[in-house]
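Peer 1: Quick one, what's the 3D model for this:
(one chain, ligands or ions: 1)
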Amino acid sequence: MTLDRFHSSDVHINENLDFSSLVSNPMLLKGLTESGYQRPSPIQLKTIPMGRLGLDMIAQAKSGTGKTVVFSVIAIESVLSQLPKDLTNRSDSGSKSQQQQYPRAVIIAPTREIAVQIQDVILNILQGGLNKIITCVAMIGGMPIQKDKENLKRCSIVVGTPGRVLSLIDTGHLDTSHVRLFVMDEADKLMEDLYRDDVFKICKGLGSKKQVMAFSATYDDDLLAHLDKLVKNPVYVMLTNGTPELEGVLQFYKTVKLRQEQQASTVFMRQTQLMEEKFAELEGIFTHTPFYQAIVFLNHTRRATDLVKFLARRGWPAMHIASGISQVERLAVMEKARKFELRVLIARGIDIDRVNLVVNMDLPRDPETYLHRIGRTGRYGTTGLAVSIVDDTELKTIEILKNEFSISIHELSAEDKAYSDLTQQSKNRHHERPLQAAADQEQFKLLEAARKDKEMEIRDARGKVELDDDESGPAAASRQETPKEKRTLESTDGAERIATGQKEAFAGKKRKLDRRMPFPSPTVSEQSPSVAEPPADKTHSPESEHQDAVREEESDLKEETAQETTELYEHYAGHNACNFGRL
Ligand SMILES: Nc1ncnc2c1ncn2[C@@H]1O[C@H](COP(=O)(O)OP(=O)(O)OP(=O)(O)O)[C@@H](O)[C@H]1O
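Peer 2: Numbering: from 1, shown residues only. Below is the predicted model:
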């Protein structure tokens, strides 16, 4: 098994067809071809013709096999079918501003990132010339709603998250009178308790004249029962009979154990120590496995920041998009990941071409989510590696995944032939080096930004700081400063050099600022990997405050852990959620 690009049978069709046999509009065809879609995948071949006929549909295909392109094409075709013929076939159809536009298709997805990705796919396809007459806008929570209201005056395809779309319908800003298509992407997630009511309300709010389609990689009885109420007389297209594992993804697990001397007295300590072990294991995997970009999943979002710091200290540019950061920041992180400026993204369901390694630091709560996660690699029939780092309790879950859901997961060991083949090949691969250089540059930029941040902070807090004008190295050379400005510098290797006499005054600040630095270099901190580091700003966090915080976190975690353990076992052990043969 290699990581070189090949396309597995997941996306291979036997027919000698290209998209010209599926779509007729020349600009649509041009947009598809120029977006890199030459030949349709099996799900595209089966569903696009029926979707174009206006049939309601429930469709299933493995992750990353082209479902987004299916409903993007159908949405564009649905809009085209409502526009006058003379507008839709010519590339000189006039500018959008001259045309009255109404929302004609609404697509919803469970996460903001996925909604933005869908918008990007559609916008790319529209680049073939249809962008002159069709507009697609993502409307998602966390972004200013005012902008959506403005955009709705000139928007034909709305892609959004349920909460935002519903609120735009409820307030009358989304005019539903011309909507003729409603698509639910990742329908399995959309039918979870969190979103289901909103999705039902949206479906009702969009009126009765619309075609309804649902897409997912997995279906179970509950999901089908819910969808039955939303999708009337659907055609079912199911491409997978068993568990929808991707052929190109090798799956492994690696067990971590606490050492004798680590026998923790509390749940919190035990969890923390186990996570430390998992962090160390992750570092080993990153060191020995060839990969372009990796996505790491964690169940507890609070660990995401710790992991970013841990990886950054070891030279792996990483960022997270866990909750707690603003939507604007999340989108910026996604952009960096896409531009290949990050090697590691700690994230949820997103589509980045170069991801060929997925790591689970905790197992998810249900097998569907496991499949979603590992489906972030092996996109469009390529190859990838998925590793779950588990402790003793999670090992049982691996057994259940293997036995009850027939998912093949092997223990990761140097002796494993598939894995050793893979690592062996890395010796001949050179792709890491230029990437590392690019990543280093990015790290340097971030260190520079952090350094500037520090200066601002110092200036704000203490007024003008009179420091010796003693600096050297590239960081200094690249800076332009006013003569009066005095500075605290980091050289490129991250070591801080502060003028004598100012160190003590600066020390409290420094600890505070270190925590904010996105990519502290390994030399900034020589601490051992610590998952639950004490608050760095000791001047502002006396011992007692720290203990309170630890206690609070401990009790939080206890609750979460207890609840999750119960949910996890109920979910995996007792039930047969994945009845994939139903359709
Ligand atoms: N016909 C095609 N030819 C080449 N590449 C394609 C084709 N269709 C889709 N792709 C690429 O495959 C990747 C996955 O496609 P897409 O996101 O549509 O899959 P999906 O089934 O919707 O995945 P998920 O279930 O994870 O959302 C994307 O990078 C997309 O650009």
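Peer 1: give me the number of residues near the residue of the stretch 301-450 of the chain found nearest the ligand?
Peer 2: Distance from the ligand to each residue of the stretch 301-450 of the chain (CB to the nearest ligand atom) is smallest for Tyr380, at 3.1 Å. The way it works is simple: take the backbone N, C-alpha and C, and place the C-beta from them, glycine included. Neighbourhood size, Tyr380 [other CB atoms under 10 Å]: 20.
Peer 1: Equivalent analysis for Asn124, please.
Peer 2: 18.
Peer 1: Spell out the residue ranges of the helices in the stretch 101-250 of the chain.
Peer 2: 112-126, 145-151, 162-170, 187-190, 193-205, 221-230 (DSSP state H, counting those that start in this stretch).
Peer 1: what's the longest one packed up against?
Peer 2: Spelled out, that is helix 112-126. helix 26-34, helix 67-82, strand 105-108, strand 136-139, strand 157-160, helix 327-338 (3 or more CB pairs under 8 Å, 6 or more residues apart in numbering; DSSP states H and E).
Peer 1: Which one of these lies nearest to Ile409?
Peer 2: Ile409 lies closest, by CB to CB, to one member of the helices and strands packed on helix 112-126: helix 67-82, at 24.5 Å.
Peer 1: for Val333, what are its contacts?
Peer 2: 319-321, 325, 342, 345 (CB atoms under 8 Å, 6 or more residues apart in numbering).
Peer 1: Over to Gly384?
Peer 2: 3, 246, 248-250, 355-358, 377-378.
Peer 1: about what we covered before: now mean pLDDT too, for the helices of the stretch 101-250 of the chain, in JSON lines please.
Peer 2: Output for the helices of the stretch 101-250 of the chain, formatted as JSON lines (pLDDT from 0 to 100):
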{"stretch": "helix 112-126", "mean pLDDT": "94"}
{"stretch": "helix 145-151", "mean pLDDT": "93"}
{"stretch": "helix 162-170", "mean pLDDT": "96"}
{"stretch": "helix 187-190", "mean pLDDT": "93"}
{"stretch": "helix 193-205", "mean pLDDT": "95"}
{"stretch": "helix 221-230", "mean pLDDT": "92"}
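Peer 1: can you redo those helices as a markdown table with distance to the ligand?
Peer 2: Output for the helices of the stretch 101-250 of the chain, formatted as a markdown table (distance: least, CB to the nearest ligand atom, whole Å):
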| stretch | distance to the ligand |
| --- | --- |
| helix 112-126 | 7 |
| helix 145-151 | 23 |
| helix 162-170 | 17 |
| helix 187-190 | 10 |
| helix 193-205 | 16 |
| helix 221-230 | 15 |
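Peer 1: most neighbours per residue, which of those?
Peer 2: Mean neighbours per residue, mean count of other CB atoms under 10 Å, is largest over these for helix 187-190, with a mean of 25.
Peer 1: ok, back up a step: now render the helices of the stretch 101-250 of the chain as TSV, adding distance to Gly64.
Peer 2: As requested, these are arranged in TSV below (distance: least, CB to CB, whole Å):
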stretch	distance to Gly64
helix 112-126	12
helix 145-151	29
helix 162-170	23
helix 187-190	15
helix 193-205	22
helix 221-230	20
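Peer 1: Next to the ligand, which bits of this structure? Give me the list.
Peer 2: Neighbours of the ligand within the chain, by CB under 6 Å from any ligand atom: 36-37, 39-41, 44, 61, 63-69, 217, 351, 353, 375, 379-380.
Peer 1: Break down the stretch 301-450 of the chain into its strands, ranges please.
Peer 2: 318-320, 344-346, 355-360, 384-390, 410-411 (DSSP state E, counting those that start in this stretch).
Peer 1: if we can go back for a sec, looking at the helices of the stretch 101-250 of the chain, spot the one closest to Met334.
Peer 2: helix 112-126 (6.1 Å).
Peer 1: Any stretches of the protein with poor pLDDT?
Peer 2: 1-8, 10-11, 86-100, 241-244, 260-262, 264, 323, 348-351, 414-583 (pLDDT under 70).
Peer 1: and with 50 instead?
Peer 2: 1-5, 97, 426-440, 444, 447, 451, 462-583 (pLDDT under 50).
Peer 1: got the residue ranges for the strands in the stretch 151-300 of the chain?
Peer 2: Under DSSP E, counting those that start in this stretch, the stretch 151-300 of the chain gives strands at 157-160, 181-184, 211-216, 235-238, 249-255, 293-297.
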